[in-house]
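Enquirer: A predicted structure for the sequence below; I have some questions about it.
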Amino acid sequence: MNNATPTMRPVAQTERIHILDILRGFAVFGILAVNIGGFASPAFFPGYVAPQWEWFDHLAETLMLFLAEGKFYTIFSFLFGLGFSVQLARAEARGRDVRTFYPRRLWVLFGLGLLHTLLFWIGDILRLYALLGFALLAFRNRSNRTLAIWAGIFLMLGFLILGGAGGPHDGGGEIPGMDVVGMARQVYNSDSFPSVAIFQAFAGVISFIVIAIAQGGTVMALFLLGLLAGRIKFFKHLPENQPMLRKIILWGLLVGLGFNALFVFASNPWLASLGFTIGAPALAAVYISSISLLSLKELGARFLAPIGKVGRMALSNYVLQSVLCSLIFNSYGLGLYEKVGPAGLWGITLAIYLCQIPLSSWWLGKFQFGPLEWLWRSLTYGQKQPFLLAKP
């Protein structure tokens, strides 16, 4: 009888739940649609005042806020919690304690987030996911009812913090004695990559505080809801759950459209915060449910399959977007900083994403994982993972 301790390994392709890859791939597009504004201008810095745009730029910005802002990191947060549920179940099936490898997984993610912040993108969210992942670990043995209650508590806490901080449109207010917007303009309009890295090391601290305030409560709530969905195996039984998906779409639209209008158009910070806290998850639920229903149709599954390839290497694609945007907007690249309005940013977003779809398919035709996924798994499990795709 073999008494050796079972070793953990990454999820095999035959064990993957493909709808989750599709949802990740869809979220990668939405994340870029939101983040690109921070690459193209100092829009995410405290004290920034938007210029006078043309009507089509105003429309493009409104569409971004209404359809994308807050919806896609919500989807990623939900999928992060669901993925934790899958790993927890696999560890238990092998007689392993998830605490023997999951903390290392989180620390590796945090390290990748720090490098991502320093080199490319001050708005990185990987750092927040990694730190809140330790809190998620503490909920692993709680009942489903407890998870649902705490999800509600974290949503309420997020609303109170966001409203008290001035609302989702405030950006944290100006920093006394410091013109961060002016500093950003000077740095990103220079052709010095080291200057950008030094500035981002400083600005990354500010961005982390702002992101934690604006998104921390929602992220933690969706972590728990994802853990709950994983426990009940909701996405493993999609055909049986079609009636529930249709109900989620109906109620999500009714709630999401109204509260997102409040988020976008309300000037009162508490009303805008309420709209953001409720409206973003509601529309995110509509997106998730609609794509899940579409995936159950033969034509829909064929259409969504390439997006699933993007989702299989979501981490690599997320960082690749940052690399490309830094080259497009910073002066050591094309130098388009503050030269493209919101309408043009939608066009660049589509162009980048449409390139990522065939690139992801090509890559996964040769390799088992995306490059950063391979690195993450190898460091998590303490051994070099197979990289090349096995020849038939």
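Expert: The structure has been received and is ready for your questions.

Enquirer: residues touching residue 358, list them.
Expert: residue 306 (C-beta atoms under 8 Å, 6 or more residues apart in numbering). Every C-beta, even on glycine, is put in place using the N, C-alpha and C of the backbone.

Enquirer: which element is it on?
Expert: helix 342-364 (DSSP states H and E).

Enquirer: ok, residue 84 - contacts?
Expert: 102, 133, 136-137, 140, 223, 226-227, 230.

Enquirer: could you rerun that using 10 Å?
Expert: When contacts are counted by C-beta atoms under 10 Å, 6 or more residues apart in numbering, residue 84 is found next to 98, 102, 105-106, 133, 136-137, 139-140, 223, 226-227, 230.

Enquirer: of all the residues you listed, the one with the weakest confidence?
Expert: Ranked by pLDDT, these bottom out at residue 98, which has 86.

Enquirer: quick check on that one: phi, psi?
Expert: Residue 98 adopts backbone torsions of phi -60, psi -20, taken as degrees, to the nearest 10.

Enquirer: repeat that for residue 367.
Expert: Here is the backbone geometry of residue 367 (degrees, to the nearest 10): phi -130, psi 150.

Enquirer: ditto for residue 141
Expert: Phi and psi for residue 141, reported as degrees, to the nearest 10, are phi -110, psi 10.

Enquirer: what is the burial count for it?
Expert: Neighbour count of residue 141, defined by other C-beta atoms under 10 Å: 7.

Enquirer: hmm, it is touching residue 88, no?
Expert: Yes - using C-beta atoms under 10 Å, residue 141 makes contact with residue 88 at a distance of 9.4 Å.

Enquirer: out of the contacts of residue 84, which end up buried?
Expert: With burial judged by 16 or more other C-beta atoms under 10 Å, the buried subset of the contacts of residue 84 is 98, 102, 105-106, 133, 136, 139-140, 223, 226-227, 230.

Enquirer: where along the stretch 1-150 of the chain do the strands fall?
Expert: With strands called from DSSP state E, counting those that start in this stretch, the stretch 1-150 of the chain shows none.

Enquirer: so where's it uncertain?
Expert: By pLDDT under 70, the weakly predicted segments of the stretch 1-150 of the chain are 1-15.

Enquirer: residue 238: which of the buried ones among the contacts of residue 84 is nearest?
Expert: Closest approach to residue 238 among the buried ones among the contacts of residue 84 (C-beta to C-beta): residue 230, at 13.7 Å.

Enquirer: what's the separation between the closest one and residue 80?
Expert: Distance from residue 230 to residue 80, counting by C-beta to C-beta, to the nearest Å: 11 Å.

Enquirer: next: residue 252.
Expert: 20 Å.

Enquirer: buried stuff in stretch 157-168?
Expert: For stretch 157-168, burial by neighbour count (16+ other C-beta under 10 Å) applies to 157-159, 162-163, 165-168.

Enquirer: make that stretch 325-335, sorry
Expert: Buried positions in stretch 325-335, judged by neighbour count with 16+ other C-beta under 10 Å: 325-326, 328-331, 333.

Enquirer: can you count the residues close to residue 388?
Expert: Using other C-beta under 10 Å, residue 388 has 8 neighbouring residues.

Enquirer: with residue 90 instead?
Expert: 16.

Enquirer: equivalent analysis for the one 3 residues further on, please.
Expert: Burial of residue 93, expressed as a neighbour count using other C-beta under 10 Å, amounts to 9.

Enquirer: same check on residue 205?
Expert: By the criterion of other C-beta under 10 Å, residue 205 has 12 neighbours.

Enquirer: secondary structure element for it?
Expert: helix 193-231.

Enquirer: how far does that helix sit from its chain's centre?
Expert: For helix 193-231, the separation from the chain centroid amounts to 9 Å (computed by C-alpha atoms, centre = their mean, to the nearest Å).
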